[in-house]
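**Student:** 3D model of this:
(4 chains)
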There are 2 protein chains.
Amino acid sequence: MQEPRKSDLLQGTLDMLILKIVQFGPIHGYGIAQRIQQISKEALQVQQGSLYPALHRLENKGLLASDWRASDSGREAKFYTLTPQGRHQLEAETAHWERMSEAVGLILRTVE
Amino acid sequence: MQEPRKSDLLQGTLDMLILKIVQFGPIHGYGIAQRIQQISKEALQVQQGSLYPALHRLENKGLLASDWRASDSGREAKFYTLTPQGRHQLEAETAHWERMSEAVGLILRTVE
DNA sequence: GCATGATGCCTCGACGGTCTACCTATACAG
DNA sequence: CTGTATAGGTAGACCGTCGAGGCATCATGC
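**Tutor:** The predicted structure is shown next:
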């Protein structure tokens, strides 16, 4: 019996993570995936098939704004920035995450 | 603007939480939902439509075993217990959760 | 000149977990 | 006899994620 194929991230956290990374400053999609992987010390990694739909989702909701600029490598890339709603949403999701993950920890640390 | 309809739990944690609660000793489904809610101080709550499919899933995978007994209220109820594989799985999932949630925390606590 | 890998954007189909909304039945209180 | 808590269950829909692809550009090595 082999690895039950664990997901690369905790379900439902992707949007929050993206918003958080973008908060640091304008960045393109490819860079977001790299940053997440790097900061998490390779523990989390975002598949492109998850990333781009998420970015479009967030942009459609008005949480992110985008414009084309030249990337470090001199190529055109779509840079995302946080909108005011995005910042607000990030705060809300962060608070929600804190509450929830703490609650899970509470259960896990319970010894009968 | 209304509640974005947040989920009642963090996606992907239900199986782990169930296994953890069952670890405390034989308990029936209804009781599991109550315990989770109670220990988490109402932060987490499990819908029955999520709970029972999850229990059947876990039993089919051989992580839980069940038998009918009389509950506290004198009614018949299906009591679940952890199998050895279930215990093993719980440890694996707990470790995975720790790694993942810590990684998420790492990102959230990063200040540029 | 050509292949390869890294960068960068994207789409599609499938899967699986969760939620909402139901159904059933029993015990007990009023 | 009606309502509520307890207890088990199913069906359908939704939606996020993943796997697997596609496309283009640029730098490097051969």
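**Student:** Any residues of chain A in contact with chain B? List them.
**Tutor:** A:6-7, A:9-13, A:16-17, A:20-21, A:24-25, A:36, A:39-41, A:43-44, A:94, A:96-97, A:99-108, A:110, A:112 (Cβ under 8 Å from any Cβ of the partner chain). The way it works is simple: take the backbone N, C-alpha and C, and place the C-beta from them, glycine included.
**Student:** Pull out the buried residues from those.
**Tutor:** Using 16 or more other Cβ atoms under 10 Å in any protein chain shown as the burial test, these include A:9-10, A:12-13, A:16-17, A:20-21, A:36, A:39-40, A:43-44, A:96-97, A:100-101, A:103-104, A:107-108 as buried.
**Student:** what's the top helix by length along chain A in contact with?
**Tutor:** Taking DSSP state H as the criterion, chain A has its longest helix at helix A:84-108. For helix A:84-108, contacts defined as Cβ atoms under 8 Å, 6 or more residues apart in numbering or on different chains pick out A:13, A:15-16, A:19-20, A:22-23, A:58, A:61-64, A:82, B:6, B:9-10, B:13, B:16-17, B:20-21, B:36, B:39-41, B:43-44, B:94, B:97, B:101, B:104-105, B:108.
**Student:** again, only this time at 7 Å
**Tutor:** A:13, A:15-16, A:19-20, A:23, A:62-64, B:6, B:10, B:13, B:17, B:20, B:36, B:39-40, B:43-44, B:94, B:101, B:108 (Cβ atoms under 7 Å, 6 or more residues apart in numbering or on different chains).
**Student:** ok so, going back, can you narrow the buried ones among the residues of chain A next to chain B to ones near DNA strand D?
**Tutor:** Subset of these in contact with DNA strand D: A:9, A:12-13, counting by Cβ under 7 Å from any atom of the strand.
**Student:** Near DNA strand D, which residues of chain A are found?
**Tutor:** Counting by Cβ under 7 Å from any atom of the strand, chain A comes close to DNA strand D at A:5, A:7-9, A:11-15, A:46-50, A:53-54, A:57, A:73-75.
**Student:** Of the residues you listed, keep whichever come out buried.
**Tutor:** A:9, A:12-15, A:46, A:50, A:54.
**Student:** mind listing the strands for chain A?
**Tutor:** Taking DSSP state E as the test, the strands found in chain A are A:27-28, A:64-70, A:76-82.
**Student:** Deepest in the core, which of those strands is it.
**Tutor:** strand A:27-28 (a mean of 20; mean count of other Cβ atoms under 10 Å in any protein chain shown).
**Student:** just to revisit the earlier point, restricted to helices, list the contacts of helix A:84-108.
**Tutor:** A:15-16, A:19-20, A:23, B:17, B:20, B:36, B:39, B:94, B:101, B:108.
**Student:** Tell me if I'm right that A:Thr110 and B:Ile39 touch.
**Tutor:** Yes. A:Thr110 is in contact with B:Ile39 according to Cβ atoms under 7 Å; the separation is 5.7 Å.
**Student:** near DNA strand C, which residues of chain A?
**Tutor:** Residues of chain A lying near DNA strand C (Cβ under 7 Å from any atom of the strand): A:28-31, A:48-49, A:52-53, A:55-56, A:71-73, A:75, A:77-79.
**Student:** mind redoing it with 6 Å?
**Tutor:** A:28-31, A:48-49, A:52-53, A:55-56, A:71-73, A:75, A:77-78 (Cβ under 6 Å from any atom of the strand).
**Student:** Closest one to chain B out of these, please.
**Tutor:** For these, the residue nearest chain B by Cβ to the nearest Cβ is A:Gly31; the value is 14.2 Å.
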